[in-house]
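> Turn this into a model:
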Amino acid sequence: MTSPVDHINQVGLVPIATVDNASAGVKLAEAQIAGGLPILEITLRTEAAGEAIRAIADEHPEITLGAGTVLTIQQV
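Numbering: from 1, shown residues only. Below is the predicted model:
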């Protein structure tokens with residue numbers, strides 16, 4: 001299994017999204033996976049962020065998922 005840091009280094013970028021509801025987050029994760037970019041950071045700017053993160057993690061454990069603003073390797 002690849003560590004999150006290794007996966008980020010392999011991909012070279014982390015797409016960041018703000019979502020208004022959990023289902024939008026899941027659909028976005030599915031699009032990321034289908035597009036060959038199974039990595040996503042959900043910002044914590046909306047009340048739906050926590051629910052979206054849980055839903056994505058439950059439905060798509062294969063995605064590397066970040067929460068909030070991750071700025072350092074230690075935060076990963």
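> Neighbours of residue 59, how many?
If you count neighbours by other Cβ atoms under 10 Å, residue 59 ends up with 14. Every residue, glycine included, has its C-beta placed from N, CA and C.
> Skipping adjacent residues, who's closest to it in space?
Closest residue in space to residue 59, ignoring its immediate chain neighbours: residue 26 at 5.6 Å, by Cβ to Cβ, 6 or more residues apart in numbering.
> Buried residues in the helix or strand harbouring the one you found, which are they?
Following DSSP states H and E, one finds residue 26 within helix 22-34. Within helix 22-34, the residues scored as buried using 16 or more other Cβ atoms under 10 Å are 22, 24, 25, 26, 28, 29, 32.
> following that helix, which helix or strand comes up?
Helix 22-34 is succeeded, C-terminally, by strand 39-42 (DSSP H and E).
> mind checking the SS state of residue 65?
Put simply, residue 65 is strand when judged by DSSP: H, G, I helix; E, B strand; the rest coil.
> if we can go back for a sec, need the buried residues of helix 22-34 in CSV (columns: pLDDT and distance to residue 48).
CSV is the format used below for the buried residues of helix 22-34 (pLDDT from 0 to 100; distance: Cβ to Cβ, whole Å):
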residue, pLDDT, distance to residue 48
22, 95, 6
24, 96, 8
25, 96, 7
26, 97, 11
28, 96, 12
29, 97, 14
32, 94, 18
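> Which of the residues you listed lies at the shortest distance from residue 58?
If you rank the buried residues of helix 22-34 by distance to residue 58 using Cβ to Cβ, residue 26 comes first, at 8.9 Å.
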